[in-house]
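Peer 1: Got a sequence here, can you model it:
(chains A, B and C)
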Amino acid sequence: MRIDSDDEIEERDTPAMVLVTPADQPAPQPATQPTTQPTTKPAPQPTPQTAPQTNATDPVKDNNNKRKREPSDSALPPPEQKRPRTTAEAKPAVDANKMEVIEKESNNSATTVTPKGEKEVQPPKPQGAEKKVAENVTKPVGKAAAAKAKNAPPTPNAQEKEGQTPKKEETPKTVTGKKEAQTPKKETPAKPLKKANSTPDVKKSSGTPKNTKEEQKRPVTRSSSAKATPTKKKNKSESESESESGSGSESESESGSESGSDESGSESGSEEESSSSSEKKTPKKKTTPKAKPKAKPTPKKKAKEEPPPKKKAKRGSKQEKEEPKRGRKKKEEDAVPIHKWWEEDDDWKKGEKKNWKWRTLEHQGVYFGPDYEPHGIPILYDGEKVKLTPAQEEWATYFARYLDTDHMKKDQFRKNFWKEWKAVLGKNTTIKSFKKVDFSLIKSHLDTAKEERKNRSKEEKNKEKEEKKALKEKYGFAIVDGHKEAIGNFTVEPPGLFLGRGQHPKAGMFKQRVTPEQITLNLGEGVDPPKCPIPGHKWGGIVHNHEVTWLATWRENINGQNKYVLFSAQSSMRGRSDRSKFETAKRLKKCIGKIRKDYTANLKNADDEVAQQRATAMWVIDRLALRVGNDKSEDEADTVGCCSLRCEHVKLLDDNKLEFDFLGKDSMRYHNVVEVDPQVYKNFKTFMSGKKKSEQIFDRLSPPSLNSHLQSLMDGLTAKVFRTYNASITMQKELSKFDEDEMTVEEKVLFFNRASVQVAKLCNHQRSVPKTHQTQMEKIDDQIKDTEDEIAEVKAHIKRLNAGKEAKKRAAGEDGKEKKPFSNNVETCKRKIEALEDRIRKLKIKKKEKDTLKEVSTSTSKVNYIDPRISLVWCQKHNVDIKKIFAKTMRDKFAWAIAEVEATPDFVF
DNA sequence: AATCAGACTTGGAATAATTTTA
DNA sequence: TAAAATTATTCCAAGTCTGATT
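Peer 2: Numbers count the residues shown, from 1 in each chain, chains lettered A, B, ... in the order given. Just a heads-up that it's a prediction; the model follows:
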């Protein structure tokens, strides 16, 4: 639909203001549809031109669609030898750095310096760590290590000591003013209201000096009850109010708006709107400080609920059916009261609490899945049964799980597994050659178990359900500032094999079981830490970090990254930042004209190569919706984004056309042939000239520098905002094309879905073609055929009727059952034909729809990119039940948007 | 200025739950 | 009523981006 890039470009340049209007849409180009050849399938297909990946890939064809990097690129070296990511020959500095890095690495491996994964005690950290870092991560690590050393004797004291030492160090540390401000965690008030029972962890008391002041000021962290004490913050607010946004979470803009003074306000204004709307609705709320009884039963909900009565008879019946279910569901919904955070104010978030995410926090820690239960099934080695130790067996079992999957086709996966498993087998094992190992016995055991599980009785299923529910009840919620909020992932990730995506160098490595000692919990001061659920163990640490949202964290052993237990998408915490994200995108709409002007001008800025590259990248990010493309290390899959594009990823075609072909996030292939702005084309040509395939096109540009420039153009603007903006604006534009005749709800939904597809294509959200796709297509064909046959039959029947002949008995179906005879009334039969023809039409639409959707994933954009208010407004306007668009979890996640749109039905992004 | 590290968002696949079909 | 199809939810890897370090 939106195609001509040129025209648009022109349009853009002209009047900035035009841009503001919806009409000025940039018309980004969906990756999947090369402007030229609309029909071409989305990237995934092994398109001929990109010949590279051909069959060589077989081993990998796994995800049919996704293109693995592999040999495909003839030029590319095998995985092991990753091509160097030369930034640019021009930059000596860079090279130097690189060398350093390398050196470092080698050192690490060689010496004791551990790659993060290990729990060894970090040497120097303690001191530097003093600040938050120390608190959070380091500490726990240290403890864990210590604990390990002692292993068995989980004497509390041990921990205590450890815990304290670091603290002490901290205290003495001279803390800069800034730090002080930041260290909320340390602030832990000296007043542990509750005695820290045996759990020594509660180091809070550690004498953080500064805390004294702040702490005292702060209303005792008492939980909900006393919240009423908000008052004073005002003084603080003054100075900081505006700067808030800078943090990136401008969620607070609301508060800013209140202050009114805000000059930066232009954008915050948008948010004001929203907030104002809510204000209208609930003026009283304002008066009452935060202390909001969350429990209140929400009456209005019911009002919303009732679905519009359908006219169609058929449908009616269907609905009746649904009714009872709905009732049930409703109940459940009520069970978890919605916290209407958007009706509250954030007045307390001022001054030094500017970056606070919570005031009081209470939860039950994390849930550790069940232990591994040995099954005793041996493997076959060279045909002989070999019994394994529980540990050996456990890993073998994890491996067997993937026997029939595409993971097995990756050399790296098997190789990594073997390397690690060999270590577990030990030196005395008879298992010397991986090729001779046969895991099929274990595999069939797993299959059997799966089958049994599938066939378990109703009682068993219910029982499990109950248990699951109980677990969620216990661990699934946290009390934040007096509100019960759902936690997203309260179960620690279980051990298993690491499955990367694409060609990940670490695929197949062991993801170790996480012990309590490796886990740090984040809790409110004065809250009793939950008891460690594993007997004989204790938590690695407890912190009180008000500036983060995580409830628990640990370090994962594969990449040494932190893992977090976070609130669910339905929580207020996530809701706030989600809304703020869309507000930022909405602000971008206001100044997109200015920004486009900026980069369009700089496209020609040959004097300043950096600026020129930056402008070109901005063009790409804005128009093609690419991600920014941060640098990646060698031990990750080789994927790229805008800034990391290499010459091998772009081809200069004729007529100002560029062909992009690379693996993006999650190794999803991005393949697009686009006609670009002539100047952009020229720039690419320049940037690429004289460079090797493996060199970066934007060698003078780095994501941080790009972002900082964006930041200068608009507060809070970063590269990813363009994706949000373009996705949302595209959706709005697509939906605006709706001319509602007499459409059935199904048709309306279909229209909506098609609009979503446009967005998904823009963002290059793909999925692998469902395995059953082909079958499904055929099935629909069969149905069409059958229907056609029946029509022919009816027609023949009519003929006989008209000829005065006796009705012929219909042939029995394949199942031998008799078919209902046709009516002897000609009119009735004609109507029947019409109905059948209508059915065929629908089937054909369904087929086509299915085929276009087979490799498009619309969920991601729906969940992350499209401002929900756009969809909601549309639903409201065209009388479509929200449930047709958003499933339960989505409705909960977007509760803020639903409320807002109800109040302001004329919302426009 | 380049890296590092932390924290949080984004993403497709896997799995579970529900609905439809046979 | 079971199996198949669909839809919803969970899982956890892989990005982005920021502030601190080197």
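Peer 1: Excluding chain neighbours, what is closest to the residue in the stretch 351-500 of chain A positioned nearest to DNA strand C?
Peer 2: Closest to DNA strand C within the stretch 351-500 of chain A is A:G500: 3.4 Å, counting by Cβ to the nearest atom of the strand. Any C-beta I mention is one placed from the backbone N, CA and C, and that applies to glycine too. Using Cβ to Cβ, 6 or more residues apart in numbering and skipping residues adjacent in sequence, the residue nearest A:G500 is A:A507, 4.4 Å away.
Peer 1: residue contacts, the one you found?
Peer 2: A:407, A:410, A:412-413, A:416, A:497-500 (Cβ atoms under 8 Å, 6 or more residues apart in numbering).
Peer 1: And for A:S859?
Peer 2: A:H765.
Peer 1: Contact partners for the closest residue to A:F368 other than its chain neighbours?
Peer 2: Spatial nearest neighbour of A:F368, excluding adjacent residues (Cβ to Cβ, 6+ apart): A:V492 at 5.4 Å. Taking Cβ under 8 Å, 6+ apart, we find A:V492 in contact with A:366-369, A:514, A:519, A:554, A:565.
Peer 1: Can you report how many residues neighbour the residue in the stretch 551-700 of chain A that DNA strand B sits nearest to?
Peer 2: Residue nearest to DNA strand B within the stretch 551-700 of chain A: A:S577 (3.6 Å; Cβ to the nearest atom of the strand). Residues lying near A:S577 (other Cβ atoms under 10 Å) number 15.
Peer 1: what mean pLDDT does the helix or strand hosting it have?
Peer 2: Assigned by DSSP states H and E, A:S577 falls within helix A:572-602. Mean pLDDT, computed over helix A:572-602, is 96.
Peer 1: Same check on stretch A:860-872?
Peer 2: 97.
Peer 1: and it, does that touch DNA strand C?
Peer 2: No: using Cβ under 7 Å from any atom of the strand, stretch A:860-872 never reaches DNA strand C; the gap is at least 8.4 Å.
Peer 1: got the buried residues for that stretch?
Peer 2: The neighbour-count check on stretch A:860-872 (16 or more other Cβ atoms under 10 Å) flags A:860-863, A:865-872 as buried.
Peer 1: Enumerate the positions of the helix holding A:S577 that are buried.
Peer 2: If you call a residue buried by 16+ other Cβ under 10 Å, then helix A:572-602 has these buried ones: A:572-576, A:578-593, A:595-600, A:602.
Peer 1: Dump the buried residues of stretch A:860-872 into TSV; add distance to DNA strand B as well.
Peer 2: Supplementary listing: the buried residues of stretch A:860-872 in TSV, determined by distance: Cβ to the nearest atom of the strand, whole Å:
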residue	distance to DNA strand B
A:T860	4
A:S861	7
A:K862	10
A:V863	7
A:Y865	6
A:I866	10
A:D867	11
A:P868	12
A:R869	15
A:I870	15
A:S871	16
A:L872	18
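Peer 1: Pick the one among those residues closest to A:T616.
Peer 2: A:Y865 (23.7 Å; Cβ to Cβ).
Peer 1: who's in contact with the nearest residue to the closest one once chain neighbours are set aside?
Peer 2: Closest residue in space to A:Y865, ignoring its immediate chain neighbours: A:A727 at 3.6 Å, by Cβ to Cβ, 6+ apart. By Cβ under 8 Å, 6+ apart, the residues touching A:A727 are A:625, A:759, A:762-763, A:861, A:865-866.
Peer 1: In terms of pLDDT, where does A:A727 sit?
Peer 2: At A:A727, pLDDT is 97.
Peer 1: cool, and A:I840?
Peer 2: On the pLDDT scale, A:I840 gets 85.
Peer 1: and it, what helix or strand is that in?
Peer 2: helix A:826-853.
Peer 1: ok, and does that helix reach over to DNA strand B?
Peer 2: No: figure legend: helix A:826-853 not in contact with DNA strand B (Cβ under 7 Å from any atom of the strand); closest approach 10.2 Å.
Peer 1: After that helix, heading C-terminal, what element do we hit next?
Peer 2: In N-to-C order, the element after helix A:826-853 by DSSP H and E is helix A:859-860.
Peer 1: Compute the number of surrounding residues for A:P905.
Peer 2: 11.
Peer 1: Get me the contact residues on the stretch 451-600 of chain A for DNA strand B.
Peer 2: A:465, A:468, A:545, A:547-550, A:553, A:561-562, A:564, A:566, A:574, A:577-578, A:581.
Peer 1: Those, buried ones only, as a PyMOL selection?
Peer 2: This is the PyMOL syntax for the buried subset of those, where burial follows 16+ other Cβ under 10 Å:
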select buried, chain A and resi 545+547+548+549+550+553+566+574+578+581
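Peer 1: quick one: which of the residues of the stretch 451-600 of chain A next to DNA strand B is nearest to DNA strand C?
Peer 2: A:Q561 (6.9 Å).
Peer 1: Verify the stated contact: the closest one with A:R555.
Peer 2: Yes: counting by Cβ atoms under 8 Å, A:Q561 touches A:R555, with 7.1 Å between them.
Peer 1: and A:A486, bridged to which residues?
Peer 2: A:F477 (DSSP bridges).
Peer 1: For stretch A:392-412, what does the pLDDT average out to?
Peer 2: For stretch A:392-412, the per-residue pLDDT averages 95.
Peer 1: With respect to A:K830, which of the contacts of A:A727 is nearest?
Peer 2: Comparing the contacts of A:A727 against A:K830 with Cβ to Cβ places A:V759 closest, at 42.8 Å.
Peer 1: I'd like to know how far that closest one sits from A:T730.
Peer 2: 5 Å (Cβ to Cβ, to the nearest Å).
Peer 1: for A:L425, same thing?
Peer 2: Per Cβ to Cβ, A:L425 is found 55 Å from A:T730.
Peer 1: who has more neighbours, the two?
Peer 2: Each of A:L425 and A:T730 has its neighbours counted (other Cβ under 10 Å); A:T730 has more, 30 against 21.
Peer 1: Checking my notes, the more buried one in a helix, right?
Peer 2: Yes: per DSSP: H, G, I helix; E, B strand; the rest coil, A:T730 lies within a helix segment.
Peer 1: okay, it: pLDDT?
Peer 2: 97.
Peer 1: Likewise for A:A228?
Peer 2: pLDDT, A:A228: 30.
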